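1. okay, predicted coordinates and the sequence, questions at the end:
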Amino acid sequence: MPDYALPYQDDLGFTNILMSGLGGDGANMAAKLLFKIAVEKLNLDGGYDAKYGSEKTGTPTDVSIRLCPLGTPVRESGPTRRPHMLSVFRDKLIASQGLNRGLQASTTVMVNTSRSPAEIRELLKLHSGRILTLDATRIALETKSRMNMPMLAILCAQLGFPAEVVKAAIAAQWPRAQAANLAAFDQAVGQATSATFEPDAAYPLVEPTTITSPIGFANMLNGGAIDALTHLNIPAPDAEPLGRVPVFTLELCSHCGLCLVPCPEPGAIVWNDKKMVAINPVYCKGCMQCVEICPTTKRGKALVEPELAVV
């Protein structure tokens, strides 16, 4: 598309995007598709960098995308430290990951949350820019999709990517799930709440974190291992529920163990004396895969989605 123009440009010609989530949220998959669309369909260039976390422990995972017009010299690599656009898959990560660091003036922030843009502005201490809030978790549950689809929809809309191009790419990438994914995509575009905030001296721009480490080739531990307990400098998310979790009815459970097969979070399904006894909301990310596999008996299902629970 020769008339397409990126919404931001730094001194090197890049629009810098940071996507922050937990392992298993699908941020990396969504970012890869966005970058593929940009390069293959919109004649853009740029760079891609993902900081992988363990999906089985919900580790914070950042993905950086740099986009620039084709022909721009790509002279920078690695994660972006000064994003123009920030996509936050869990609002609890804002404080624990210091996501306000490095944000530029008049940035665009998209957050999966039930809070208002004003509440997120206060939490993020945003100097200036636009905030869009969206309950992507709820949309994912309603459409049987994943939260990365609503978040991708909002990000592509703010980038000005043609919706038909993005939706065609989604359908081609995940053909079996295209109906659910496209339903989530369409819902997200119309349900986001946005607000624009003028510069406020009470919220100054915060410099990005400078990461330094005493570990190097001269003092690396035997075997190349790093003493994570000593040198890990990224805090874990707050020990609070991560989102909606399945409703578990102990009396209906046959303790078959099928729910353990697809669950990506050790500790989310609590077992005691060879019986399932609870769901731990601190570990459960709300993917509902256990609900899908839970058998229906004459008495009903032991695991159901929150909206389907009988009060």
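-> Looks like it came in fine. Everything quoted here is computed from the prediction, not taken from an experiment.
2. so which residues of this structure form strands?
-> Remark: strands assigned in the chain by DSSP state E are 15-22, 44-51, 60-69, 85-88, 107-112, 129-134, 193-197, 247-248, 269-272, 275-279, 303-304.
3. now the ones you listed in TSV, please, with extra columns for distance to residue 291.
-> In this view, the C-beta of every residue, glycine as well, is placed from N, C-alpha and C. Shown next, in TSV, are the strands of the chain (distance: least, C-beta to C-beta, whole Å):
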stretch	distance to residue 291
strand 15-22	19
strand 44-51	29
strand 60-69	24
strand 85-88	26
strand 107-112	20
strand 129-134	23
strand 193-197	28
strand 247-248	9
strand 269-272	12
strand 275-279	10
strand 303-304	5
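4. how about the ones you listed in a markdown table, adding mean pLDDT?
-> Output for those, formatted as a markdown table (pLDDT from 0 to 100):
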| stretch | mean pLDDT |
| --- | --- |
| strand 15-22 | 93 |
| strand 44-51 | 91 |
| strand 60-69 | 92 |
| strand 85-88 | 98 |
| strand 107-112 | 97 |
| strand 129-134 | 97 |
| strand 193-197 | 97 |
| strand 247-248 | 95 |
| strand 269-272 | 89 |
| strand 275-279 | 93 |
| strand 303-304 | 95 |
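5. spatially nearest residue to residue 88 (excluding sequence neighbours)?
-> Once flanking residues are discounted, residue 88 sits nearest to residue 111: 4.5 Å by C-beta to C-beta, 6 or more residues apart in numbering.
6. residues in contact with the one you found?
-> 88, 91, 94, 120, 131, 132, 133, 134 (C-beta atoms under 8 Å, 6 or more residues apart in numbering).
7. pretty sure the first one sits against residue 95.
-> No. Here residue 88 does not reach residue 95: they are 11.0 Å apart, not a contact under C-beta atoms under 8 Å.
8. higher neighbour count, those two?
-> Higher neighbour count among residue 88 and residue 95: residue 88, with 24 against 15, using other C-beta atoms under 10 Å.
9. against residue 284, how distant is that one?
-> The spacing between residue 88 and residue 284, counted by C-beta to C-beta, to the nearest Å, is 19 Å.
10. just give me the closest of the contacts of residue 111 to residue 249.
-> residue 91 (29.2 Å; C-beta to C-beta).
11. please look at that closest one and residue 121 and confirm they touch.
-> No. Counting by C-beta under 8 Å, residue 91 stays clear of residue 121, with 12.0 Å between them.
12. nearest residue to residue 44 other than its sequence neighbours?
-> Nearest non-adjacent residue to residue 44 (C-beta to C-beta, 6+ apart): residue 38, at 4.3 Å.
13. that neighbour and residue 32 touch, don't they?
-> No. Look at residue 38 against residue 32 with C-beta under 8 Å: they stay out of range, at 10.8 Å.
14. quick one: which of the strands of the chain is nearest residue 154?
-> Proximity to residue 154, assessed across the strands of the chain by C-beta to C-beta, is greatest for strand 107-112 (4.9 Å).
15. where do the domain boundaries of this structure fall?
-> According to automatic domain parsing, the chain comprises the domains 15-197, 247-308.
16. residue 8: which of these is closest?
-> For residue 8, the closest of these is domain 15-197, at 3.7 Å, according to C-beta to C-beta.
17. span of that closest one from start to end?
-> End-to-end distance of domain 15-197 (C-alpha to C-alpha, to the nearest Å): 20 Å.
18. could you do stretch 274-284 as well?
-> Terminal residues of stretch 274-284 lie 20 Å apart, using C-alpha to C-alpha.
19. so how far is it off the chain centroid?
-> Chain-centre distance of stretch 274-284: 23 Å, with C-alpha atoms, centre = their mean, to the nearest Å.
20. what residues sit buried inside it?
-> 276, 279, 281, 282, 283, 284 (16 or more other C-beta atoms under 10 Å).
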